[in-house]
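>>> This is the structure alone, sequence omitted:
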């Protein structure tokens, strides 16, 4: 179980100036948004160099989000699986219950710096919507969240949470009524209100500079992990596992490890009913490259280039595209991508609840499911670090429904 | 000279502006599209913009989104749209046809295969909404090699340096998006458009069409006074939505009304 270190780049400095990660990424949007994206890119470059901006970002992460999030050694579950030691990066313990807030704080601070008083966001499971509504309340901004009508049904608690935080939740009834359609609608809002509005994109996808911006704000996950693993285990993990929908938690975990030899990385997509059934959300595993939502990346599409509907028990992974950096990391072989099905993810969800007293998000349960497959193939002195990207409170009605209960 | 150039040259000698209607191919039904195209020409269209349906039309308002969904419900693919143009050409050898849509169906077909087939069936120009000049280079090259005009959008937010980039790649005409918003929006500011167009003309040699938000003959007339062409989409698609295959006489009547208003615009 060793990574081929020939695949580990010695240096890594992407995207390029055009927002490209190899063949992927770019800026595929209509002309009206080009100037706004250019302004965002320039403003972000300035902010990154501005010690006051970065100091405020770090201050907010520490005092508002509660970072650093701990790493926890899941000993009982590791023993039960009978192989490698599993460590969990506890993004579920962040304020609002997931990694999403790392990014929304960063983007909201950028919005404020740019003088925008209105923010919009798309959301699937509602976690990014909640994180956006939260920071909008925190910084006194108007917030509108677009959410697929289908997802609103699946995630009623998060919808109410956003409303409590003062956001307006707009149901999206076009297309498949899920995350991709919410993203379309947020783009339409942005194109219409581009002067007054900042679009807080929730995942490491979309047009440049978003994939870079979101990655940079999420990279705190991997940066902390490197320090914490050295402290706790005296070394870095043998394997790092994260779930991949759009891929923001995964890229945040992976990015600081890209040039680290000896660390194997695995992104786990939503296998739905099984990749072989076609009913899944695993573009890296079973899709092919194309252009959607502003970037070139692997997509779930039919032979004519139409985007096809995705299926996953987890609303947050139910997306036909993926961040372009993941497409690049797949092609160069630095990260392996695989899929976990609904069933095995639910089993991992229950296992973590019972053995560790942690209720994981269904999204994160996909990473856990793969870790459960991987651990028994490894030695007991080896380490798997799983990014536990969110807590599962929001998923309790879904899990109950699957068990045949109405709460 | 290309069909698009010929058309603009002819109009110029008559001091007229081009009327460019847009409909979505395959809406309400693939079998209806060619008939609707001929009807638009008989109503006074100079150039036709034919929408290639896409599952995720990010730049379109609800009217054209729904048209796309109706067309996709019948399985209308880019290949089918090319077939419609071939059929249209059997009876009309002169009216330019511009395909308008999103990048991914063309990506899926492949640039070379798409350009070859588009040229063979009689397409004249291609407008890819989500391919700004930064990304359009490779496709524009293949299109030009097949004597197809790459049509580009310009927006109220486009700075001068980007207009220069578009000027390098654009041929046929450019499509000025008259407002910040999606197709079918209704907050067109004519004074704003007029001042922007005069700036654009300093940098562009191709004709400028204006679209987004043109819903009636009076607005079309006002736009015809300042632009080289008037592009109308959502208003027509709405007729198709409400009346289905029976929309034909309404489309013709509306087009004639717009045509006569435009032809009176500069007299």
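In hand now; what should we look at? Treat the numbers as computed from the prediction; the structure is a model and nothing was measured.
>>> CA atoms for contacts and neighbours, from now on please.
OK.
>>> Confirm for me that residue B:186 is in contact with residue B:211.
No. Using Cα atoms under 8 Å, residue B:186 is not in contact with residue B:211; the gap is 11.3 Å.
>>> Now name the helix or strand holding the residue most central in space within chain B.
Central residue of chain B (Cα atoms, centre = their mean): residue B:49, 3.5 Å from the mean position. Per DSSP states H and E, residue B:49 falls inside strand B:48-51.
>>> Neighbouring strands - and their directions - for that strand?
strand B:18-24 (parallel), strand B:97-101 (parallel) (DSSP bridges).
>>> got the buried residues for the following helix or strand past the first one?
Per DSSP H and E, the first helix or strand lying C-terminal to strand B:18-24 is helix B:33-42. For helix B:33-42, a neighbour-count test (16 or more other Cα atoms under 10 Å in any protein chain shown) marks B:33, B:34, B:36, B:37, B:38, B:39, B:40, B:41 as buried.
>>> Go through chain A and flag its longest helix.
helix A:31-49 (DSSP state H).
>>> which residues touch that helix?
A:53-54, A:110, A:114, A:190-191, A:194, A:207-209, A:213, B:129-130, B:132, B:153-159, B:177, B:180 (Cα atoms under 8 Å, 6 or more residues apart in numbering or on different chains).
>>> Can you tell me which of those residues are buried?
Buried among the contacts of helix A:31-49 by 16+ other Cα under 10 Å: A:53, A:110, A:114, A:190-191, A:194, A:207-209, A:213, B:129-130, B:132, B:153-158, B:177, B:180.
>>> Let me know the next secondary structure element after the strand holding residue B:49.
helix B:62-73.
>>> Can you check what angle separates that next one from strand B:18-24?
Angle of helix B:62-73 versus strand B:18-24, following axes from the mean of the first three to the mean of the last three Cα atoms, to 10 degrees, is 50 degrees.
>>> Which elements pack onto helix B:62-73?
strand B:18-24, helix B:234-243 (3 or more Cα pairs under 8 Å, 6 or more residues apart in numbering or on different chains; DSSP states H and E).
>>> Quick check: residue B:232 vs residue B:173, distance?
With distances taken as Cα to Cα, to the nearest Å, residue B:232 is found 15 Å from residue B:173.
>>> between these two, who's got more neighbours?
residue B:232 (26 against 23; other Cα atoms under 10 Å in any protein chain shown).
>>> Contacts for the strand or helix carrying residue A:120 next, please.
Counting by DSSP H and E, the element that carries residue A:120 is strand A:118-123. By Cα under 8 Å, 6+ apart, the surrounding residues in contact with strand A:118-123 are A:108, A:111, A:128-129, A:132, A:136, A:141-148, A:179, A:182-183, A:185-186, A:190, A:196-202.
>>> and that strand, which strands flank it?
strand A:142-148 (parallel), strand A:197-199 (parallel).
>>> Now render those strands as a markdown table, adding mean pLDDT, mean neighbour count and distance to residue A:362.
Shown next, in a markdown table, are the strands paired with strand A:118-123 (pLDDT from 0 to 100; neighbours: other Cα atoms under 10 Å in any protein chain shown; distance: least, Cα to Cα, whole Å):
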| stretch | mean pLDDT | mean neighbour count | distance to residue A:362 |
| --- | --- | --- | --- |
| strand A:142-148 | 97 | 27 | 18 |
| strand A:197-199 | 98 | 24 | 26 |
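>>> Counting neighbours, what do you get for whatever residue of the stretch 301-407 of chain A ends up closest to chain B?
Distances between the stretch 301-407 of chain A and chain B by Cα to the nearest Cα are smallest at residue A:305, namely 4.3 Å. Residue A:305 has 26 neighbours, counted by other Cα under 10 Å.
>>> Check whether residue A:271 sits in a helix, strand or coil.
strand (DSSP: H, G, I helix; E, B strand; the rest coil).
>>> How confident was the prediction at it?
pLDDT for residue A:271: 98.
>>> separation between it and chain B?
Using Cα to the nearest Cα, to the nearest Å, residue A:271 is found at 22 Å from chain B.
>>> what helix or strand is whichever residue of chain B sits closest to chain A on?
Nearest residue of chain B to chain A (Cα to the nearest Cα) works out as residue B:181 at 3.8 Å. Using DSSP H and E, residue B:181 falls within no helix or strand.
>>> wait, what's in contact with the residue lying closest to it once chain neighbours are set aside?
Once flanking residues are discounted, residue B:181 sits nearest to residue A:192: 3.8 Å by Cα to Cα, 6 or more residues apart in numbering or on different chains. Counting by Cα under 8 Å, 6+ apart, residue A:192 touches B:180, B:181, B:182.
>>> how about the helices in chain B?
Using DSSP H, helices in chain B cover B:3-13, B:33-42, B:62-73, B:78-91, B:103-109, B:111-121, B:133-145, B:160-169, B:190-203, B:217-226, B:234-243, B:248-263.
>>> oh, I was asking about the stretch 201-350 of chain A
A:210-218, A:220-233, A:248-254, A:283-286, A:324-331, A:342-356 (DSSP state H, counting those that start in this stretch).
>>> could those helices go into TSV alongside distance to chain B and mean pLDDT?
Listed next are the helices of the stretch 201-350 of chain A as TSV, based on distance: least, Cα to the nearest Cα, whole Å; pLDDT from 0 to 100:
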stretch	distance to chain B	mean pLDDT
helix A:210-218	16	98
helix A:220-233	31	98
helix A:248-254	22	98
helix A:283-286	15	98
helix A:324-331	15	98
helix A:342-356	26	98
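>>> ok, which residues in the stretch 101-250 of chain B are in contact with chain A?
Taking Cα under 8 Å from any Cα of the partner chain as the contact definition, the stretch 101-250 of chain B meets chain A at B:103-109, B:129-132, B:134-135, B:153-159, B:177, B:180-182.
>>> what do you get if the cut-off is 10 Å, keeping everything else the same?
Contact residues, the stretch 101-250 of chain B versus chain A (Cα under 10 Å from any Cα of the partner chain): B:102-109, B:128-136, B:152-159, B:162, B:176-177, B:179-183, B:185.
>>> what's near enough to touch residue 93?
Here I'm looking at chain A. A:65, A:66, A:67, A:68, A:69, A:70, A:99, A:388, A:389, A:390, A:391 (Cα atoms under 10 Å, 6 or more residues apart in numbering or on different chains).
>>> Correction: the question concerned chain B.
Residue B:93 makes contacts with B:3, B:122, as judged by Cα under 10 Å, 6+ apart.
>>> gap between residue A:299 and chain B?
10 Å.
>>> Run a quick check on that residue versus residue A:326, I expect a contact.
No. Using Cα atoms under 10 Å, residue A:299 is not in contact with residue A:326; the gap is 11.8 Å.
>>> what's the neighbour count on residue B:116?
16.
>>> For it, give its distance to residue A:114.
With Cα to Cα as the criterion, residue B:116 and residue A:114 are 46 Å apart.
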